[in-house]
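Trainee: Got a sequence here, can you model it:
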Amino acid sequence: MPSSSRSVETLESLATNVGRRYKTATKYFEAAEGEINERWAALVWPFIKGCNFETCVDLAAGHGRNTVKLLELPECKLVYCVEINQENVDFCSARFSDEPRVVCIKNNGVTVSGIPSQSVTMFYCFDSMVHFDSDIVRSYLAEIARMLAPREGRAFLHHSNYSANPGGDFYQNPHRRNFMSAELMKHYAAKEGLAVEKQQLLDWNWDGTNIDCFTLLRHGE
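Mentor: Residues are numbered from 1 along each chain as shown. All right, here's what the predicted structure looks like:
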């Protein structure tokens, strides 16, 4: 159950409102596919190298570009490819039909079922959580706390650090960033029994505003 006071139905509606924009976003996914190697090398890998990638979750996987990068890691034995849109689940199921290490899961945009507790060594979400409502972020933090392996487990979250328009339409914000911040991430994580191992602000808008943040989480002490 979500930790927010909002109902599951309300959060699912918010998640659907974000996810529907990426049901048939073929041009977006093609462009993102062309950028992933550069972004991985320059941004993602320097931040997450040294983590355990044996059992991964790729949340909001889209067409699977991040799943591909996780599968390239020699220690990776399993990737749960999680998506709210059935269209994208179908795409990934076809794309990885010959890859026994991939399990595709459709979720409700708020929680994740079908993944055993304390089994995940890397919960990964790049270039998607930046659009999530902050209550949905916290709901996923509760799920992360359930799924992460006690010692080796880490969660890599690329989330918004934009807090200039509280209560406003995220679609009108720079790069469609939802209301969230690095400080809120620390606060919510602690509420769910997680601890921030490190954070890195990102100037995604190229104007010094640092509208994005990378956070690496583990279980709290």
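Trainee: now for the host helix or strand of residue 144, which elements pack on it?
Mentor: Counting by DSSP states H and E, the element that carries residue 144 is helix 134-147. With contacts defined as 3 or more Cβ pairs under 8 Å, 6 or more residues apart in numbering; DSSP states H and E, the packing partners of helix 134-147 are helix 8-19, strand 122-125, strand 154-160, helix 182-191, strand 194-202, strand 212-219. All C-beta spots, glycine's among them, are computed from the backbone N, C-alpha and C.
Trainee: Could you export those to TSV, including columns for mean neighbour count, distance to residue 148 and mean pLDDT?
Mentor: Compiled in TSV, those are given as follows (neighbours: other Cβ atoms under 10 Å; distance: least, Cβ to Cβ, whole Å; pLDDT from 0 to 100):
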stretch	mean neighbour count	distance to residue 148	mean pLDDT
helix 8-19	17	21	83
strand 122-125	26	6	98
strand 154-160	24	6	98
helix 182-191	17	12	98
strand 194-202	15	8	98
strand 212-219	22	6	98
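Trainee: can I get the ones you listed in CSV with distance to residue 33?
Mentor: What follows is those, written out as CSV (distance: least, Cβ to Cβ, whole Å):
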stretch, distance to residue 33
helix 8-19, 19
strand 122-125, 17
strand 154-160, 17
helix 182-191, 27
strand 194-202, 20
strand 212-219, 20
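Trainee: Nearest to residue 60 among these would be which one?
Mentor: Closest of the helices and strands packed on helix 134-147 to residue 60 is strand 122-125, at 6.1 Å (criterion: Cβ to Cβ).
Trainee: and the helix or strand of the chain with the lowest mean pLDDT, how far out from the chain's middle?
Mentor: Ranked by mean pLDDT, DSSP states H and E, the weakest helix or strand in the chain is helix 8-19, scoring a mean of 83. Chain-centre distance of helix 8-19: 16 Å, with Cα atoms, centre = their mean, to the nearest Å.
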